[in-house]
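**Student:** Show me the folded form of this:
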Amino acid sequence: MENQFVVDLSQRIYPGKEVNFPMELDLRDAAESMPQLQYDSSIWYKIGYVSMCTHNGTHIEVPYHHLEEGLDIANFPVGNLIGNLVLLDFSSKTIEDTITLEELQAHDSEISAGDIVFLKTGMDKIFRTPNWADYPYIALEGIRWLIEKRIGCLGTDAAGIEDILAKNQPGHVTLFRGGIPLVESLTNLEQVESGKYIVFILPIAIEKADACPVRVVAVRKDGLAAMANR
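**Tutor:** Model prediction:
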């Protein structure tokens, strides 16, 4: 696949430098784990040990994050995490503004069942700052409407969707009760266009995990078509 057809929508993770959730990478000689290996100092052979939060970087949250009976990362249907990209631009919003039901409904004709709906707020620019958790939030009735539209996944380039003053995370709980996962802290959304990309969100299949860092990739449909016709 040619690079001009592919856009990486994921934040990089920097070991030892994350400001929100700590992440450490310890590179050790491979022989520490596998003493049977035969190699000398001329060979670079390392095995890394990672300590991190399931919410590091760009990550996906599934119902088990807030619902004890909800699906975890390993059991959430991966087919729901591949789909047509619908990009909604709310970059005019400021911190603590509301994305209203009416503003979402203005895009009704663009959204079909199974679509991956990403919200562009521009808040990825503050991702690695002390204010990383500030963002405009989605009105609860707007979340209910997205559930009724039967979207496959909701995502945002902000750190969340929740009204910071609300108790018990009603936005998350409502979304997860509707069976819809949430991707937070996307980036590079200015490089993609609504309806022209297929999105792939592929977490590691970890049993009993509530969330997982993900590499979110958008591939242009015409690029996929060119590959299919080779």
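**Student:** Going by C-alpha atoms from here, please, whenever you check contacts or count neighbours.
**Tutor:** Fine.
**Student:** Report the buried residues of the least confident helix or strand in the chain by mean pLDDT.
**Tutor:** Between all helices and strands in the chain, the lowest mean by mean pLDDT, DSSP states H and E belongs to helix 221-228, at a mean of 86. Buried residues in helix 221-228, counting neighbours by 16 or more other Cα atoms under 10 Å, are found at Lys221, Gly223, Leu224.
**Student:** looking at it, the second one is touching Phe5, isn't it?
**Tutor:** By that I understand Gly223. Yes: contact criterion Cα atoms under 8 Å: Gly223 and Phe5 qualify, at 5.5 Å.
**Student:** just so I have it, where are all the helices in this protein?
**Tutor:** Assigned by DSSP state H, the helices in the chain fall at 101-105, 140-148, 170-177, 221-228.
**Student:** Using JSON lines, please lay out those helices together with distance to Glu193.
**Tutor:** Output for these, formatted as JSON lines (distance: least, Cα to Cα, whole Å):
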{"stretch": "helix 101-105", "distance to Glu193": "17"}
{"stretch": "helix 140-148", "distance to Glu193": "20"}
{"stretch": "helix 170-177", "distance to Glu193": "25"}
{"stretch": "helix 221-228", "distance to Glu193": "11"}
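**Student:** Can you check what pLDDT the model gives the residue nearest the centre of the chain?
**Tutor:** The chain has Val183 as the residue nearest its centroid, 2.9 Å off, counting by Cα atoms, centre = their mean. Val183 is assigned 98 on the pLDDT scale.
**Student:** Return the residues in contact with it.
**Tutor:** Counting by Cα atoms under 8 Å, 6 or more residues apart in numbering, Val183 touches Thr58, His59, Ile60, Glu61, Cys153, Leu154, Gly155, Thr156.
**Student:** residues in contact with Ile206?
**Tutor:** Contacts of Ile206 by Cα under 8 Å, 6+ apart are Asp72, Ile73, Ala74.
**Student:** actually Glu193, not the one I typed
**Tutor:** Neighbours of Glu193 in contact, by Cα under 8 Å, 6+ apart: Leu85, Val86, Leu87.
**Student:** How about the contacts made by the last one?
**Tutor:** I take that to be Leu87. Val117, Phe118, Leu119, Lys120, Val192, Glu193, Ser194, Gly195.
**Student:** give me that answer again for 7 Å
**Tutor:** Neighbouring residues of Leu87 by Cα atoms under 7 Å, 6 or more residues apart in numbering: Val117, Phe118, Leu119, Lys120, Glu193, Ser194.
**Student:** roughly how far apart are it and Phe5?
**Tutor:** 17 Å (Cα to Cα, to the nearest Å).
**Student:** Equivalent analysis for the first one, please.
**Tutor:** Computed with Cα to Cα, the distance linking Leu85 and Phe5 is 14 Å.
**Student:** who has more neighbours, those two?
**Tutor:** Leu85 (25 against 15; other Cα atoms under 10 Å).
**Student:** wouldn't the more buried one be in contact with Ala113 here?
**Tutor:** No: with contact defined as Cα atoms under 7 Å, Leu85 does not count as touching Ala113 (11.6 Å).
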